[in-house]
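Visitor: can you look at this prediction? I've put the sequence above it.
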Amino acid sequence: MQITLNNRPEIIDKKEITISELINLKSFTFKLLVTKINGNLIKKADRETAVIKDGDKVDIIHLISGG
Amino acid sequence: MESFTKIKRKLRRKTVGIAGAGGLGSNCAVALARVGIGKLIICDFDKVTRANLNRQYYFNEQIGQQKVFALADNIFFIDPYVKVLPKNIKLSPANIKESFKSCDVIVEAFDKAEMKEMLIETVLDEMPEKPLVVGLGMAGWGKNEIIKSRNIDNLFICGDEETEISPELPPLAPRVGIVANMQANQVLELLLNQ
């Protein structure tokens, strides 16, 4: 399937995938993240169950300290 | 084109919430006060320390004071007509909505990534219609060219999104000030388009 991850097209070799699986697959090392699918917030507690399907727009924002 | 008088009249009716009164929050609040925002709701629980003075809008003689009250004083000296509601509280999922429900825009101005995550998740979950302007990545010095802004729906991100503070990359006045003022600039754009 093809999704849009952080505004870039991305081919995933699966029919569907959870947010948690995508984070592992892309080896995102940052622990602190905000995740959205098609504009809807996926809360931290729901990442294991929230499913991404073909054509979905996914945003994964890395949070870093400083201010 | 709107005249400056018209713009000021519009901004007088606006309320901006600021989560954190450190490097980002204090400088962003002062920029917004100088353009004449009607009301600023500023939340923080910290006290001014000597180490803060390398980038935060406080003065030597304010060391030891609660930040929200010291910042309210400083804004009063700039423009006594700007209303400041200082809230000396630690923000959490339990009080964010209540604290900022009357705001037209919310500014995220924390230093710790954990707090940024908590605030963004709470606002997107409980107040998804509320524009939220966050500061992300402004450690160290130089690298003007990588500081940028973008938005994902109602979430507006200012910063380089890559430099994290560390002993080698401290937060310093110029880059923190740039991002704080970018946040204020984004707030203005949102308010004047409302």
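Guide: Received, thanks. Residues are numbered from 1 along each chain as shown, chains lettered A, B, ... in the order given.
Visitor: middle-most residue in chain B, spatially?
Guide: A centroid search over chain B (CA atoms, centre = their mean) returns B:Gly25, at 3.4 Å, as the residue closest to the centre.
Visitor: near chain A, which residues of chain B? Just list them.
Guide: Contacts of chain B with chain A, taken as CB under 8 Å from any CB of the partner chain, map to B:20, B:22-25, B:109-114, B:116-117, B:120-121, B:124-125, B:128, B:135-139, B:152-153, B:155, B:157, B:159, B:161-165, B:171, B:176. (C-beta placed from N, C-alpha, C; glycine too.)
Visitor: coming back round to it: phi, psi of the residue nearest to the centre of chain B?
Guide: The phi and psi values for B:Gly25, taken as degrees, to the nearest 10, are phi -60, psi -40.
Visitor: looking at chain B, which helix or strand does the model trust least?
Guide: When the helices and strands of chain B are scored by mean pLDDT, DSSP states H and E, helix B:4-12 comes last with a mean of 92.
Visitor: in it, what's buried?
Guide: The neighbour-count criterion (16 or more other CB atoms under 10 Å in any protein chain shown) identifies B:7, B:11 as the buried residues of helix B:4-12.
Visitor: list the helices and strands it packs on?
Guide: Packed against helix B:4-12, as judged by 3 or more CB pairs under 8 Å, 6 or more residues apart in numbering or on different chains; DSSP states H and E, are the following elements: helix B:173-193.
Visitor: next one: stretch B:79-96 to chain centre, how far?
Guide: The gap between the average C-alpha position of stretch B:79-96 and the chain average comes to 11 Å, counting by CA atoms, centre = their mean, to the nearest Å.
Visitor: average model confidence for that stretch?
Guide: Across stretch B:79-96, pLDDT averages out at 98.
Visitor: convert the C-alpha atoms of stretch B:8-21 to CSV, please.
Guide: Presented in CSV, the C-alpha positions along stretch B:8-21 are these (Å, rounded to 0.1, in the frame of the first residue of the first chain):
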residue,chain,number,x,y,z
LYS,B,8,-4.7,47.4,16.7
ARG,B,9,-8.4,47.7,17.3
LYS,B,10,-8.8,44.1,16.1
LEU,B,11,-6.0,42.8,18.3
ARG,B,12,-7.3,44.6,21.4
ARG,B,13,-10.3,42.2,21.3
LYS,B,14,-8.1,39.1,21.2
THR,B,15,-6.9,36.7,23.9
VAL,B,16,-3.7,34.6,23.6
GLY,B,17,-2.8,31.8,26.0
ILE,B,18,0.8,31.1,26.7
ALA,B,19,1.9,27.7,28.2
GLY,B,20,5.2,28.4,29.9
ALA,B,21,7.0,31.6,30.8
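Visitor: quick one: the strands in chain A?
Guide: A:2-5, A:8-11, A:16-18, A:33-37, A:40-42, A:51-53, A:57-62 (DSSP state E).
Visitor: Serialize those to CSV and add fields for mean pLDDT.
Guide: Compiled in CSV, the strands of chain A are given as follows (pLDDT from 0 to 100):
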stretch, mean pLDDT
strand A:2-5, 97
strand A:8-11, 96
strand A:16-18, 96
strand A:33-37, 97
strand A:40-42, 97
strand A:51-53, 98
strand A:57-62, 96
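Visitor: will you turn these into CSV that also has mean neighbour count and distance to chain B?
Guide: Conversion of the strands of chain A to CSV gives the following (neighbours: other CB atoms under 10 Å in any protein chain shown; distance: least, CB to the nearest CB, whole Å):
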stretch, mean neighbour count, distance to chain B
strand A:2-5, 15, 12
strand A:8-11, 9, 13
strand A:16-18, 17, 18
strand A:33-37, 20, 5
strand A:40-42, 20, 4
strand A:51-53, 16, 16
strand A:57-62, 19, 5
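Visitor: understood, closing this out.
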